[in-house]
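# Generate a structure from the sequence data that follows.
(one chain, ligands or ions: 1)
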Amino acid sequence: MDQVAMEFLPKDPSEEEFRRALCNGFILCNVLNKVNPGAVPKVVKASMTSSEAAESPNQDSENMRNFLAAVKDKQLLAFETSDMEKGGSINKVVDCILCLKGYHEWKKAGGVGVWRYGGTVKITSSPNELPNALTATERAADESGEELELSKYEQLREFIQLSNKASIEESKTTNALTFLFDRFGLWLLQAYLTDGNMDEEFPLNAMVIDAFLSKIVNNFSTLLVSQGIKLGLFLKKILKADDGPVSKSDFIEATSDYIDKRSNLQAATDISKAYICIGNNEVVLNSVCRSPGRVEILTDLIQRHIEDLKLFFRETRLEVRKFHSYWEADIKRLEHHVRDLEVASSSYLKILQENQMLFNEVLDLKGKIRIYCRVRPILPGESKDQSTVDYVGENGSILIVNSLRKGKDSKKVFSFDRVFGPTVSQEQIYTNIQPLIRSVLDGYNVCIFAYGQTGSGKTYTMSGYDLNTKETWGVNFRAICDLFQISKTREDVIEYKVGVQMIEIYNEQVRDLLVIDGSTKRLDIYNNTQLNGLTVPDASWVPVSSTQDVLDLIRIGQKNRIVGPTAFNERSSRSHSILTVHVHGKELVSGSIFKGSLNLVDLAGSERMDKSKVQGDRLKEAQYINRSLSALGDVISALAQKSTHIPYRNSKLTQILQNSLGGHAKTLMLVHISPEPDAIGETISTLKFAERVASIELGAARSNKETDDILELKEEVKFLSFLFNGWHPFCLFLNATYPC
Ligand SMILES: Nc1ncnc2c1ncn2[C@@H]1O[C@H](COP(=O)(O)OP(=O)(O)OP(=O)(O)O)[C@@H](O)[C@H]1O
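Below is the predicted model:
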C-alpha cells in the first residue's frame, strides 16, 4: 500500500472507512500522479480528521475536482463527487480505481496492445493515442518520469518488436477463430449428413435447424472448455518453469507456441479428414483449405505425405518384383510337376485301358452280361436341386439318395461296369459300346437292350432325338452306319452283306416295323435252327448298302412304332422295339463264313399303374408291358440261379431274346434312370434288377465262324449221310440174305 494511503486508511478498512479516506481526494491525486507523474499538478494537504475536514472543506473538494478532471482528461473511467457521498455509487469509484491500476500495469509493460481491468475493457489501437491524448504538460512530465529511462531509440525498437509480436498474435488469434468456425461449419455439415436419412428426402425445417445448431453449440462449448483447460494447463506449465516474474513478451511467446502446436495438430487432423472426405464430400475438403494461413501447412503436410507415399510405392514395387520372381520360380516348378503328372497319367490311362481290356476278356470268358447305367438329365420344368443322384463315380459306382428314408438307409451305392452322368453325350455313349458292336463283324451275336422306367431316356439313347441333328443320333443309327462303313473298308478281304429287320412287340404281338403299306400282319417267332438263321423270318429283311438306306429304314421304323402319352412321357413307346442287323461275311481267301447279328432292343418303359392312373387302351398296353418285363425278370432270376428250366416261352420278348440272354452272345444292358425324386421307387427297383442281371454268367461268347475245315467236314458229313441213306436198304437186304 502506498505510504500516503497508509496514513489515511486503517489496516482493514470497512467500506465506510474506505469511502471516507478517499473523500478528500488526496490519496487519489497521489496515486494518479504516481501512475502518470504530473497528471494532477497541484495537490493540497488533506485534512486528517473529520473535524479538520469540517474546518477546510474547500481544500478537500479541490483535490477531488483536480483528480476527476485529470482522470477525464486521460479518458480513464471517472465518477461523480456525489458518488463519494453516503448513498452514492461506490461501484463507480471502485471501477475508477481498478481502471487506474490496469492503466498503471499496462504502462509498466510498455503500453502496447490491449489493457483491461475488472471486466471492462479499454482498447487502445496504438500506443501513440494515449500520449496524443495527454496534455503538453503531461507529456513533459512523462518524459521526465519513468519512460525517460529508455532512450527514444530503444523505445522505438521495443515498440516495433512488440507491435510485430502483437500482429502475429492477432493473426494467430484470427486463425484460431477461423479454425473454430470452420469446425463449427463442419459439425453442422456432419450433423446434417449423419442425422439425415440420405435415402429419403430430408426435410430441413426450422425445428431441425434448431436441433442441429443446439447439438453443434453443445459440441462447440465443450470444445471451448477443453481448449481453455488445455491452454490454461500449458501456460501454467510454461510459466511456472520460470521462477521470476513473467514478462508480457514471455506470455506472448508461450501463447504463440501453444497456438503453433495446436495449428499443426489441427492441420494434420484436417488433412486426414480431407483424405477421408475427398471424393465423398469435396465441400468438407474445401472448407478445410479455405482457412487462411493453413494452406501452407496443409501443402507442406500433403507434400510430406506424398513423399511417404512415393517411398511406400517404391518399397511395394520392390516387394511385388520379389514376389513376381518367386511366383515365376513356383510356376516353373509347377509346370515341371504338371508334365510329370501328364506322363504319369498317360501311363495310368494306358494301364487302365489294359485293365479294362483284361476285365472285358474275363467277362467274355465268363459270359457276364455287361451293365451300363445312364442318368437322364433334369428336364425343363423339373426341380433342379432335387436330383436323387448324389454322385457318379469314374469306377462305375452311383450314389442314390432317397429322401423318404432316414439315416444310412437314405443313401445307397450301386456298382456297374460304367455309369454315365446326365451330361454325357450320345457320341460318348456310342464310343463306349462301339467295340462290342464291331465284334458282330467277326461273327458274334450281340444284344444291347435299353431298360428302365417310362420317361427315363431309353428311346433317346437307342433311336436318338432328332435324325436331322448328328449330335443327337442314337445307338441304332450310329451302329448300322458304323458296321456298314467298316464292312466297306474290309471289302478287299471279306465280302459282307448287311441286312436289317425291325419289329415291335405290342400287346404280345410281333409286328413288322419296316412295312410301307401300313399292314399289321402278326409274325411268328422261331428259334435260329431255321435255315436262314432268323428268329422272325417273316419280318422284312432289308439289305443296306449306304448310309442313306439306313436313314430311310430307321425313319420308316420310327414312323410305324406305336407311341402314346403317359403321365411321365408325352411320347411314350408302348411297345418293345427290336432292330436286328444281320451281317453275313465271307473271307475271300479262305472262304470262311461269318454270321453275326446285332439286336438293339428298346424296351417299353415299366409303369406304376396306380401312379399313372391310365385307363382303356393305355391300361391294357401297360399291363402287357409290365407282364412281359416281369417275364424278363423271371428269366433273369432263373439264369442267375442256374436253374435247369429257364421260362423263355412265357413271353414273346424273352422268346426273341433267348439267344442273347442264354446263348453264346455278348450282351449289354443299358439301364436308364430318371433323377426325379418322384421316381425314386422305380429308380431303386430298376438298379436292383440291373444288379441281378449283372450276376448272370452265360458262358464264353462264341463266334459263328465256319472255317474251311468245318465246311469240308460238313460236306463230308453230307456225303456220308447221303451214302448211308442210299446204301441203307441194300445193307438190310444183305443182312437178310446172308445172316451171320
Ligand atoms: N440324355 C438325355 N438328354 C436330353 N434329354 C433326354 C435325355 N434322355 C431323355 N431325354 C428326354 O426325356 C424325355 C423322355 O425320354 P424317352 O422318351 O427317351 O424315355 P423312355 O424311357 O423311352 O420312355 P418310354 O418308356 O415311356 O418310351 C424325352 O423328352 C427325351 O427327349
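
# Touching, Cys373 and Met669? I think so.
No - Cys373 is not in contact with Met669 according to CB atoms under 8 Å; the separation is 9.1 Å. Any C-beta I mention is one placed from the backbone N, CA and C, and that applies to glycine too.

# Please enumerate the shared neighbours of the two.
With contacts defined as CB atoms under 8 Å, 6 or more residues apart in numbering, the residues shared by Cys373 and Met669 are Ala690.

# How is the chain partitioned into domains?
Annotated domains of the chain cover 3-149, 159-292, 422-668, 716-740 [automatic domain parsing].

# how about the strands in the stretch 301-450 of the chain?
In the stretch 301-450 of the chain, the segments counted as strands under DSSP state E, counting those that start in this stretch are 370-375, 389-392, 397-401, 411-415, 418-420, 445-452.

# Please produce a markdown table containing those strands, extended by mean pLDDT and distance to the ligand.
Putting the strands of the stretch 301-450 of the chain into a markdown table (pLDDT from 0 to 100; distance: least, CB to the nearest ligand atom, whole Å) gives the following:
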| stretch | mean pLDDT | distance to the ligand |
| --- | --- | --- |
| strand 370-375 | 94 | 7 |
| strand 389-392 | 90 | 13 |
| strand 397-401 | 92 | 15 |
| strand 411-415 | 92 | 19 |
| strand 418-420 | 94 | 9 |
| strand 445-452 | 91 | 5 |
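
# Buried deepest among those strands, which one?
Sort those by mean neighbour count, taking mean count of other CB atoms under 10 Å, and strand 445-452 sits at the top with a mean of 25.

# Which neighbouring elements make contact with the helix or strand following that strand?
The helix or strand immediately downstream of strand 445-452 is helix 458-462, counting by DSSP states H and E. Applying 3 or more CB pairs under 8 Å, 6 or more residues apart in numbering; DSSP states H and E, one finds that helix 458-462 contacts strand 445-452, helix 475-489, strand 593-602, strand 666-673.

# got the residues of the stretch 1-150 of the chain near the ligand?
Proximity of the stretch 1-150 of the chain to the ligand (CB under 6 Å from any ligand atom) involves no residue at all.

# again, but for the chain
Counting by CB under 6 Å from any ligand atom, the chain sits next to the ligand at 376-377, 379, 452, 454-460, 465, 566, 569, 571-573, 604-605, 672.

# Emit the PyMOL select command for whichever of those are buried.
Command for PyMOL that selects the buried part of the residues of the chain next to the ligand, burial taken from 16 or more other CB atoms under 10 Å:
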select buried, resi 376+452+454+455+456+457+458+459+460+566+569+572+573+604+605+672
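
# before we move on, the earlier item: of the helices and strands packed on helix 458-462, which approaches Val44 most closely?
Shortest distance between Val44 and the helices and strands packed on helix 458-462, using CB to CB, is found for strand 666-673: 133.9 Å.

# Break down the stretch 601-740 of the chain into its strands, ranges please.
Under the criterion DSSP E, counting those that start in this stretch, the stretch 601-740 of the chain contains strands at 666-673, 705-706.

# Excluding chain neighbours, what is closest to the residue of the chain found nearest the ligand?
Here the residue of the chain nearest the ligand is Gly605; by CB to the nearest ligand atom that distance is 2.4 Å. Spatial nearest neighbour of Gly605, chain neighbours left out: Thr454 (3.0 Å); criterion: CB to CB, 6 or more residues apart in numbering.

# And Asn66, by the same measure?
Leaving aside its sequence neighbours, Asn66 sits nearest to Val40 (CB to CB, 6+ apart; 4.8 Å).

# I'd like to know how many residues surround the one you found.
Val40 has 23 neighbouring residues, counting by other CB atoms under 10 Å.

# quick one, phi/psi of it?
phi -110, psi 100 (degrees, to the nearest 10).

# swap in Gly591?
Residue torsions, per degrees, to the nearest 10, at Gly591 are phi 80, psi 0.

# Let me know the pLDDT of it.
Confidence at Gly591, expressed as pLDDT, is 82.

# tally of neighbours for it?
Gly591 has 11 nearby residues by other CB under 10 Å.

# per-residue confidence for the closest residue in space to Phe689 that isn't next to it in sequence?
Nearest non-adjacent residue to Phe689, counting by CB to CB, 6+ apart: Gly633, 6.4 Å away. The predicted structure scores Gly633 at 87 on the pLDDT scale.

# for Glu158, same thing?
Note for Glu158: predicted pLDDT of 59.

# ditto for Lys108
On the pLDDT scale, Lys108 gets 78.

# what residue ranges in the stretch 401-550 of the chain are flagged as low confidence?
In the predicted model of the stretch 401-550 of the chain, residues 527-533 satisfy pLDDT under 70.

# I meant the stretch 151-300 of the chain, not that one.
By pLDDT under 70, the weakly predicted segments of the stretch 151-300 of the chain are 151-205, 208, 212, 240-245, 262-295, 297-298.

# do that again at 50, thanks
The model of the stretch 151-300 of the chain has pLDDT under 50 over residues 152-153, 196-200, 274-285, 287-289.

# Near Asp83, how many other residues are there?
Asp83: 16 surrounding residues under other CB under 10 Å.

# Is Leu76 in contact with Gly102, as I believe?
No - look at Leu76 against Gly102 with CB under 8 Å: they stay out of range, at 9.1 Å.

# residue boundaries of the helices in the stretch 1-150 of the chain?
Listed in chain order, the helices of the stretch 1-150 of the chain (DSSP state H, counting those that start in this stretch) span residues 3-8, 15-23, 26-35, 50-55, 57-73, 90-108, 129-133, 136-144.

# circling back to that earlier point, my guess is the residue nearest to Asn66 meets Asn33, correct?
Yes - Val40 is in contact with Asn33 according to CB under 8 Å; the separation is 5.6 Å.

# Count the neighbours of Val542 for me.
Counted with other CB under 10 Å, residues neighbouring Val542 total 16.

# I should have written Gly88 there, sorry.
15.

# Quick one: residues contacting it.
Residues near Gly88 by CB under 8 Å, 6+ apart: Glu80, Ser82.

# what's it sitting at in phi/psi?
Dihedral pair for Gly88: phi -80, psi 180, per degrees, to the nearest 10.

# Model confidence at it, what's the number?
We have a pLDDT of 73 for Gly88.

# do Ala53 as well
Ala53 carries a pLDDT value of 58.

# Could you do Leu358 as well?
70.

# now do the one 4 residues further on
Reading off the per-residue confidence, Val362 sits at a pLDDT of 65.

# Equivalent analysis for the one 3 residues further on, please.
Leu365 is assigned a pLDDT of 61 by the prediction.

# go on, Ser61?
Note on Ser61: pLDDT of 79.

# the longest helix in this structure is where?
When the chain is parsed with DSSP state H, its longest helix is helix 294-366.

# Show me what it is packed against.
Helix 294-366 is packed against helix 248-277, helix 282-290, with contacts defined by 3+ CB pairs under 8 Å, 6+ apart.

# try it again with 7 Å
Packed against helix 294-366 by the contact rule (3 or more CB pairs under 7 Å, 6 or more residues apart in numbering; DSSP states H and E) you find helix 248-277.

# picking up where we left off before, just checking, the residue nearest to Gly605 touches Leu603?
No - using CB atoms under 7 Å, Thr454 is not in contact with Leu603; the gap is 10.3 Å.

# measure the closest residue to Phe79 other than its chain neighbours to Ser415 for me?
Spatial nearest neighbour of Phe79, chain neighbours left out: Lys92 (3.9 Å); criterion: CB to CB, 6+ apart. The spacing between Lys92 and Ser415, counted by CB to CB, to the nearest Å, is 116 Å.

# Look at Pro647 and say how many residues are nearby.
Neighbours of Pro647 (other CB under 10 Å): 13.
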